[in-house]
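> starting from these lines, generate the structure:
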Amino acid sequence: MAPPETALPVTEWTMEMRDPGALRPAPLPAGELAFSLAGVPSADFNRAMYAAVGARVCWTDRFSWSYEDWAKWVDRPELGTWIALAEGTVAGYFELEAQPGGDTEIHLVGLVPAFVGRGFGGYLVEQCVRRAWQRGRLWGRGLGPTERVWLRTSTLDHPNAKANYLRRGFAVAAEESGTKHVPDPRLAPWPLPGDPRDPRLEPVEGPAGEPVAAQT
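Prediction:
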């Protein structure tokens, strides 16, 4: 059963940066934030981060995605996923997509709730944009350089999101208002590649003949 939906008034902004020199650095956070490019595409990781980061700010557009949809999305040379780590913990992530004509879209960028409000947000966006401009070198090899970095944000996003992007040097390219049917993010679906209750499934064992996962 699909989650119940509520019709909400929403304003969406398309924001862009056309010159890497326009990027304005953010203040350094109080703690160290390290970044790692995901070298192994993982539908499980991206969908888990989508829920962990986005549920509290109504990221719901991917609720209808199947596991196969997630797998097709992440397993592409055009998509780069970065993991942000702080204090030995996954603190956030972002997704970049190399598009035709030199466009690079920031699809998602955000922190998990434990790190919100601690001064990491602006620095996360800055580092995300720096990597967007490094397309063809750091990531997306063979896909050409970035000519424009762009993203979408809306009134459903974090209240400080638009202001944060403006402080980093983005400009508003378009604005659109309307009504959007938003499902209850507390009821996010969690698609799996198969039904674990299927009696035809055989136990998966590790190299020592032990189960790879245990129930406690």
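> the closest residue to Pro145 other than its chain neighbours and Ile83, how far apart?
Taking Cβ to Cβ, 6 or more residues apart in numbering, and ignoring the residues beside it in sequence, Pro145 has Gly136 as its nearest neighbour in space, at 4.8 Å. For every residue, glycine as well, the C-beta is placed using N, CA and C. If you measure Gly136 against Ile83 using Cβ to Cβ, to the nearest Å, the figure is 21 Å.
> ranges for the strands of the chain?
Read by DSSP state E, the chain holds these strands, from start to end of the chain: 5-17, 34-37, 79-86, 89-98, 103-111, 148-154, 171-183.
> wait, which of the ones you listed is closest to Pro191?
Among the strands of the chain, strand 171-183 comes nearest to Pro191, with 14.6 Å by Cβ to Cβ.
> what does that closest one contact?
Contact with strand 171-183 is made by 2-17, 58, 60, 63, 150, 156, 166, as judged by Cβ atoms under 8 Å, 6 or more residues apart in numbering.
> adjacent strands (with direction) for it?
Taking DSSP bridges as the criterion, strand 171-183 forms sheet pairs with strand 5-17 (antiparallel).
> just give me how far the strand it pairs with sits from the chain centre.
How far strand 5-17 lies from its chain's middle: 17 Å, per Cα atoms, centre = their mean, to the nearest Å.
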